[in-house]
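Trainee: fold the following for me, if possible:
(chains A and B)
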There are 2 protein chains.
Amino acid sequence: MAKELTSKEENYSQWYNDLVSKADLAENSAVRGCMVIKPYGYAIWEKMQAALDQMFKDTGHENAYFPLFIPKSFFSKEASHVEGFAKECAVVTHYRLKNDPNGKGIIVDPEAKLEEELIIRPTSETIIWSTYKNWVQSYRDLPILVNQWANVVRWEMRTRMFLRTAEFLWQEGHTAHESREEALEETERMINVYADFVENYMAVPVIKGAKSEHERFAGALETYSIEALMQDGKALQSGTSHFLGQNFAKAFEVQFTSREGKLEYVWATSWGVSTRLIGALIMAHSDNNGLVLPPKLAPIQVVIVPIYKNFDQLAQISEKVKVLVEKLKSKGIRVKYDDRDSQRPGWKFAEYEMKGVPVRLAIGPRDLENGSVEIARRDTLEKMVEQLEGIENLIENLLVEIQGNIYNKALRFREENTTKVDTYEEFKERLISKPGFILAHWDGTYETEAIIKEETKATIRCIPFDSVEEEGKCILTGKPSKRRVLFALSY
Amino acid sequence: MAKELTSKEENYSQWYNDLVSKADLAENSAVRGCMVIKPYGYAIWEKMQAALDQMFKDTGHENAYFPLFIPKSFFSKEASHVEGFAKECAVVTHYRLKNDPNGKGIIVDPEAKLEEELIIRPTSETIIWSTYKNWVQSYRDLPILVNQWANVVRWEMRTRMFLRTAEFLWQEGHTAHESREEALEETERMINVYADFVENYMAVPVIKGAKSEHERFAGALETYSIEALMQDGKALQSGTSHFLGQNFAKAFEVQFTSREGKLEYVWATSWGVSTRLIGALIMAHSDNNGLVLPPKLAPIQVVIVPIYKNFDQLAQISEKVKVLVEKLKSKGIRVKYDDRDSQRPGWKFAEYEMKGVPVRLAIGPRDLENGSVEIARRDTLEKMVEQLEGIENLIENLLVEIQGNIYNKALRFREENTTKVDTYEEFKERLISKPGFILAHWDGTYETEAIIKEETKATIRCIPFDSVEEEGKCILTGKPSKRRVLFALSY
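Mentor: So this is what the prediction gives:
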């Protein structure tokens, strides 16, 4: 029996959980809030990592690795950072276990208490800037363009696989510059890299913009984000890039001698994306049959299923398939031939639909006679019969077409679910009747932002870079506004 | 002024520390026992990861990710494992910080105490086998061939960069099988993969063998290791592969229905290598001028340094170099052109020698006239002048030659420092006068092993797979022995 999902129309949240589980992406672990990323889910993360890592290197960055532990006192050094990060986190207090003297297993050795507690990094600005202090003397030591692939821990109370877990995997870039301009340029460069990746690899259109002051990263002077719209009409923040000014340099006393011979504080940025992107990927494209993966990130791009009544037929099919597999591989296409006899073709079809494999080929006895093959597209669920001869070229083009089609479908969805709204009534009504992106005027104050959030749960996702200057009135207060900002309910 | 190292003859240990620091590989962090892996050191690790990861995939393995945290009770489940691992480790007891009510920074919130303490993984057998329980019902679910790239923490008291640090990076393979034979085969397959990698990429010859019962991994029925000889005559264990029998399956109740329809416990292996390999790489090849890197793992394989008196000359050189760089890149060679005007050629020469770049090219005004280039090999420090035209082919071959030469040099060193010894007197004398690998007879008992270790600090590194059967007498007790085992002082 094929696996079945709760339909997303019936219960979107359950549909998501079912999908994560039934497509073998991840599962909950024995540790509260921590997930196990299963091989199929991790293979998607590896594809993401490979593409991003190359993009980081192409923009001049190098990887390094900093400690998992941060001394507690470091968090107190940057005032706004401590408020944002040093609260819900895992604290290491001891460094030894011992046998229970009463013979009941093992206990924490009370004598092995740390003088200063260590925090498992929720983000690494503090430990990294304490290190950069030793790396920078002169402007010649700048810029530092470093990225780290790592695990981080934030003790979230309500967790959800990929979207919000206590431990998650991410990359965090931390750069140091000699001027404000250069750091701002870097902040913008990296949000563009993220947008490029999410749009061109994940096939998810995004809106780039600046966060409102209140929604900024703890310790940042400016936070840029990319916001993607999920199929339930909620926004998902998919990547952020922060201009940190001289805040961390001042907190950790990182100064350099400038070209003019003056002692100055270094300018900083940081930027990151995480395994949360897998959540975005799932929610942006998938349907009630399972995952829909864009070919560029699909661990398996093409699966071939033989249809046969006896082993003689299977042998004949396998002979043809062997040649095709080699041709596809030589084009760099990731292909799997599933000739397991333990499962029936129908079961396999459902399984690879669940797993979002972009192209499925089926070859049966009639195809052997006719020199044909059945091609099924995961994105449209269309089927067609084509000649086997030269099929590799058709498949190569089809993968490109599917990548584009998935993106265009998501873009259409976003366009259909983005509305300009001019009154608070309409705003509230919209959030209930058809949630999505809402472009509305805002008076720029935190008070207004807070009231809207309190009353509707919608937040300002960003002030889009491409928003046009226009005269308007704040939907809540009626005060004058120069541009529309992007509101939405969000993950 | 170029950086200088303590000579290794004068103080090997200081030479190593100087090298790690001056070649920009790593540095100590603000957290006791944890290091910062700097970009150049991390670039070597990335090369190692890429090669190993491909070898794992070629042998059928997939990557996954399991939690950083392990519930304390898990360690008590496998009796011998708890003795070996659950002692010196980082213990998370709380999950929240709060502002000190007395206004003195932040403190651990006493109300946020975990019900059960969490241990930062020192190795992941327990959390992984608690997960495999859900993955296995029938023999059809086997084998599970999973690897994880991760950070682990062991609270070491005496640390040394790369060789022994509280936190380190590694990979750990954890496989599950339906039979003892298949698991043993996997254990052997992976020690062969490691030996292949260390010999062919790191250019370090190794001896493969089985650990004595006492030196086995906690919870293993058999531990295979590869042992490499460092230039100070000490052995460095460079990788291990463990046959775990059914110990973890029994501890976590992982059973499957066999082909015969019986309920049986699953058979396990685990295997790992870590950033320790970077320590081995450094110590096996480097000299008093700095690192010597084998081309296959060198982040920069070829560096080009221009020698010029004025910018006009530099421009002419750069024009020639630009063409050469493209030719080298098209051959997949990692090349850097260092045309910084802020440093003199002599400084650059010393810098790239320190960093172990295998091939250095220098082009000056006379070379421009003659169409020539000076080539310097890092491994032999030889220089030669060659025609620039077609130099890319010569360099390609030279890199292969250097890789082979470095390996052969290390192999010769090992041969010259491996001795067969038949008396305990000679054994002890040898460890003082010329430490190295010692092949000697042992009666097979833990008592003898312990006395030898106590008296000489030498340990049985392994019982080599290729040791020939021969009649002999234990060097300590004179009792009969069937084969020689490998002794050495070790890291």
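
Trainee: contact residues of the stretch 151-300 of chain A facing chain B?
Mentor: Selection of the stretch 151-300 of chain A residues close to chain B by CB under 8 Å from any CB of the partner chain yields A:151, A:153, A:155, A:167, A:169. For the C-beta atoms, the positions are set from N, CA and C on the backbone; glycine is no exception.

Trainee: how about a cut-off of 10 Å?
Mentor: Residues of the stretch 151-300 of chain A found near chain B (CB under 10 Å from any CB of the partner chain) are A:151-153, A:155, A:157, A:165-169, A:252, A:275, A:299.

Trainee: tell me which two in these are the farthest apart.
Mentor: A:Phe252 and A:Pro299 (41.1 Å; CB to CB).

Trainee: after the lowest-mean-pLDDT helix or strand in chain A, heading C-terminal, what element do we hit next?
Mentor: Of all helical and strand segments in chain A, the minimum by mean pLDDT, DSSP states H and E falls on helix A:79-85, at a mean of 70. Per DSSP states H and E, the first helix or strand lying C-terminal to helix A:79-85 is strand A:91-99.

Trainee: what is the subsequent helix or strand relative to that next one?
Mentor: Using DSSP H and E, the helix or strand that follows strand A:91-99 towards the C-terminus is strand A:106-108.

Trainee: starting at the chain centroid, how far to that following strand?
Mentor: Its chain's C-alpha centre and that of strand A:106-108 lie 38 Å apart, by CA atoms, centre = their mean, to the nearest Å.

Trainee: can you check stretch A:304-323 too?
Mentor: 39 Å.

Trainee: what does that stretch contact?
Mentor: A:324-325, A:328, A:335-341, A:343-349, A:351-352, A:359-368, A:371, A:373-374, A:376, A:388, A:392 (CB atoms under 10 Å, 6 or more residues apart in numbering or on different chains).

Trainee: let's see 7 Å
Mentor: A:335, A:337-339, A:345, A:348-349, A:360-365, A:368, A:388 (CB atoms under 7 Å, 6 or more residues apart in numbering or on different chains).

Trainee: now, those that are in strands?
Mentor: A:335, A:337, A:360-363 (DSSP state E).

Trainee: please tell me how far the closest residue to A:Gly219 other than its chain neighbours sits from B:Phe56.
Mentor: Nearest residue to A:Gly219, sequence neighbours excluded (CB to CB, 6 or more residues apart in numbering or on different chains): A:His81, at 3.9 Å. According to CB to CB, to the nearest Å, A:His81 and B:Phe56 sit 39 Å apart.

Trainee: next one: A:Ile70
Mentor: From A:Ile70 to B:Phe56 the distance is 32 Å (CB to CB).

Trainee: the two: which is more packed in?
Mentor: A:Ile70 (28 against 21; other CB atoms under 10 Å in any protein chain shown).

Trainee: so how far is the helix or strand encompassing the more buried one from its chain's centroid?
Mentor: A:Ile70 belongs to strand A:69-71 when assigned by DSSP H and E. Here the centre of strand A:69-71 is set off from its chain's centre by 26 Å, with CA atoms, centre = their mean.

Trainee: give me the mean pLDDT for that strand.
Mentor: The average pLDDT for strand A:69-71 rounds to 96.

Trainee: walk me through which strands that strand pairs with, and which way each runs.
Mentor: Counting by DSSP bridges, the strands paired with strand A:69-71 are strand A:113-120 (antiparallel).

Trainee: pull the CA atoms of the partner strand into PDB?
Mentor: Extracted in PDB, the C-alpha atoms of strand A:113-120 (Å, rounded to 0.1, in the frame of the first residue of the first chain):
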ATOM      1  CA  LYS A 113      32.000  22.200  38.000                       C
ATOM      2  CA  LEU A 114      33.200  24.800  35.500                       C
ATOM      3  CA  GLU A 115      34.400  28.100  36.900                       C
ATOM      4  CA  GLU A 116      32.600  29.900  34.100                       C
ATOM      5  CA  GLU A 117      29.600  28.300  32.400                       C
ATOM      6  CA  LEU A 118      29.900  27.700  28.700                       C
ATOM      7  CA  ILE A 119      27.000  28.400  26.300                       C
ATOM      8  CA  ILE A 120      26.400  26.300  23.200                       C
END
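
Trainee: is there proximity between the next helix or strand along the chain from it and chain B?
Mentor: Using DSSP H and E, the helix or strand that follows strand A:113-120 towards the C-terminus is helix A:125-135. Yes. Helix A:125-135 is in contact with chain B by CB under 7 Å from any CB of the partner chain, via A:127, A:130-131.

Trainee: neighbouring strands for the helix or strand following helix A:125-135, and are they parallel or not?
Mentor: Per DSSP H and E, the first helix or strand lying C-terminal to helix A:125-135 is strand A:144-153. Here strand A:144-153 has these sheet partners by DSSP bridges: strand A:62-63 (parallel), strand A:167-177 (antiparallel).

Trainee: export these to TSV and tack on mean pLDDT?
Mentor: Listed next are the strands paired with strand A:144-153 as TSV, based on pLDDT from 0 to 100:
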stretch	mean pLDDT
strand A:62-63	98
strand A:167-177	98
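
Trainee: to A:Leu398, which of those strands lies closest?
Mentor: The minimum distance between A:Leu398 and the strands paired with strand A:144-153 falls on strand A:167-177, with 31.7 Å, by CB to CB.

Trainee: residues in contact with that closest one: which ones?
Mentor: With CB under 7 Å, 6+ apart, strand A:167-177 has contacts from A:34, A:45, A:52, A:56, A:61, A:123-125, A:128, A:132, A:136, A:142-153, A:183, A:186, A:190, A:266-276, B:65, B:67-68.

Trainee: center of chain A, which residue is that?
Mentor: A:Leu277 (1.5 Å; CA atoms, centre = their mean).

Trainee: quick one: contacts for that residue?
Mentor: A:48, A:202, A:238.

Trainee: ok, A:Ala284 touching A:Val204?
Mentor: Yes. At 4.6 Å, A:Ala284 counts as touching A:Val204 under the criterion of CB atoms under 7 Å.

Trainee: distance check, A:Tyr95 against chain B.
Mentor: Applying CB to the nearest CB, to the nearest Å, the value for A:Tyr95 to chain B is 4 Å.

Trainee: and A:Ile363, by the same measure?
Mentor: A:Ile363 sits 24 Å away from chain B, taking CB to the nearest CB as the criterion.

Trainee: kindly report the same for A:Phe74.
Mentor: As judged by CB to the nearest CB, A:Phe74 and chain B stand 7 Å apart.

Trainee: who's in contact with that residue?
Mentor: So A:Phe74 contacts A:126-127, A:130 (CB under 7 Å, 6+ apart).

Trainee: go again using 10 Å as the cut-off
Mentor: A:81-82, A:86, A:116, A:118-119, A:125-127, A:129-130, A:251-252, B:30-31.

Trainee: which one (most neighbours) among those residues?
Mentor: Highest neighbour count within the contacts of A:Phe74: A:Glu125, with 30 neighbours (other CB under 10 Å).

Trainee: I figured that one hits A:Asn247, correct?
Mentor: Yes. Counting by CB atoms under 10 Å, A:Glu125 touches A:Asn247, with 9.0 Å between them.

Trainee: now list whatever residues contact both of those two.
Mentor: Any residue near both A:Glu125 and A:Asn247 by CB under 10 Å, 6+ apart counts here, and that gives A:77-78, A:81, A:218-220, A:268.

Trainee: quick one: which of these is nearest chain B?
Mentor: Distance to chain B across the shared contacts of A:Glu125 and A:Asn247 (CB to the nearest CB) is lowest for A:Lys77, with 9.6 Å.

Trainee: excluding chain neighbours, give the residue nearest to that closest one in space.
Mentor: Sequence neighbours aside, A:Ala251 is the residue nearest to A:Lys77 in space, at 4.2 Å (criterion: CB to CB, 6+ apart).

Trainee: which residues are in contact with the helix or strand containing A:Phe256?
Mentor: Following DSSP H and E, one finds A:Phe256 within strand A:255-257. The contact list for strand A:255-257 (CB under 10 Å, 6+ apart) reads A:133, A:135-142, A:176-178, A:246, A:249, A:262-266.
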